[in-house]
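K.L.:
here are the coordinates; sequence isn't available:
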Ligand SMILES: O=C(O)CCC(=O)C(=O)O
């Protein structure tokens, strides 16, 4: 039987990984939806673990971190956490891309985890990934204008066909893991239910940011002997008084990095 690590090394992704049962996933979802009713949409707000306690709680889930440790080694930073929510019957989609392209890091010791807080199906827009694509390194991306594309710059690798890819459905409470060079996409939600994912980006402590001195992360396992990043403070309560201001600052910083790299990374 293949281990998570050996499967990940071959395909560039691994799924499904059960993190919590369906009941616990539902209570995480209910916490999110309670907060949404109070503060509005949390879709695609970067560093959401600094504002929403349950996002951080899931980011340090033991099964998840054990798997990330298998892939990255013992010293792990949580760089980012983002809800990606497709409302029922919406055209929101994600173009073919590789996560690491726009993050400005010096290296690729990185793993993304995507946690399903609803079932994620082919009908409601689960991810599709191209097995083995992580071996090609960074591919050229175009910056595109499409208001339905969830990605900040509409970044897109052209010419990828669905025949090359595998659909990665998940049940609520399961996760997929993928590498930052793994090509992936997701299509619109054609169902009558919300599709709710929570994406985490983990990096090894020896990685550093090439575009700014201001970038931040949180040590979630092991020791940080490098201190390349400022520290993000994980939320212990939901949406304290400064939460929106903090999120706005963090989102601006990451978007500046995207924009700088977007200008130089045209095919
Ligand atoms: O949520 C989606 O549909 C896409 C997520 C994604 O691109 C990612 O997790 O890297």
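P.N.:
Received, thanks. Please read all numbers here as calculations on a predicted model, not as lab measurements.

K.L.:
show me the contacts for residue 69.
P.N.:
Residue 69 is in contact with 76, 221-222, counting by Cβ atoms under 8 Å, 6 or more residues apart in numbering. Bear in mind the C-beta positions are built from the backbone N, C-alpha and C, glycine included.

K.L.:
Residue 220 now?
P.N.:
Counting by Cβ under 8 Å, 6+ apart, residue 220 touches 59-60, 65, 76-78, 202.

K.L.:
Closest one of those to the ligand?
P.N.:
Closest approach between these and the ligand, by Cβ to the nearest ligand atom: residue 202, at 12.2 Å.

K.L.:
can you list the contacts of residue 220 in CSV and add distance to the ligand, neighbour count and secondary structure?
P.N.:
As requested, the contacts of residue 220 are exported to CSV (distance: Cβ to the nearest ligand atom, whole Å; neighbours: other Cβ atoms under 10 Å; DSSP: H, G, I helix; E, B strand; the rest coil):
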residue, distance to the ligand, neighbour count, secondary structure
59, 14, 24, helix
60, 18, 16, coil
65, 17, 20, helix
76, 17, 25, strand
77, 17, 27, strand
78, 14, 25, strand
202, 12, 26, strand
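
K.L.:
now those residues as CSV including pLDDT?
P.N.:
Shown next, in CSV, are the contacts of residue 220 (pLDDT from 0 to 100):
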residue, pLDDT
59, 98
60, 98
65, 98
76, 98
77, 98
78, 98
202, 98
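
K.L.:
And the closest residue to residue 11 other than its chain neighbours, how close does it get to residue 196?
P.N.:
The shortest distance from residue 11 to any residue other than its chain neighbours is 4.3 Å, reached at residue 131 (Cβ to Cβ, 6 or more residues apart in numbering). Distance of residue 131 to residue 196, given as Cβ to Cβ, to the nearest Å: 25 Å.

K.L.:
what about those two, which has more around it?
P.N.:
Between residue 131 and residue 196, counting by other Cβ atoms under 10 Å, residue 196 is the more crowded of the two (24 against 16).
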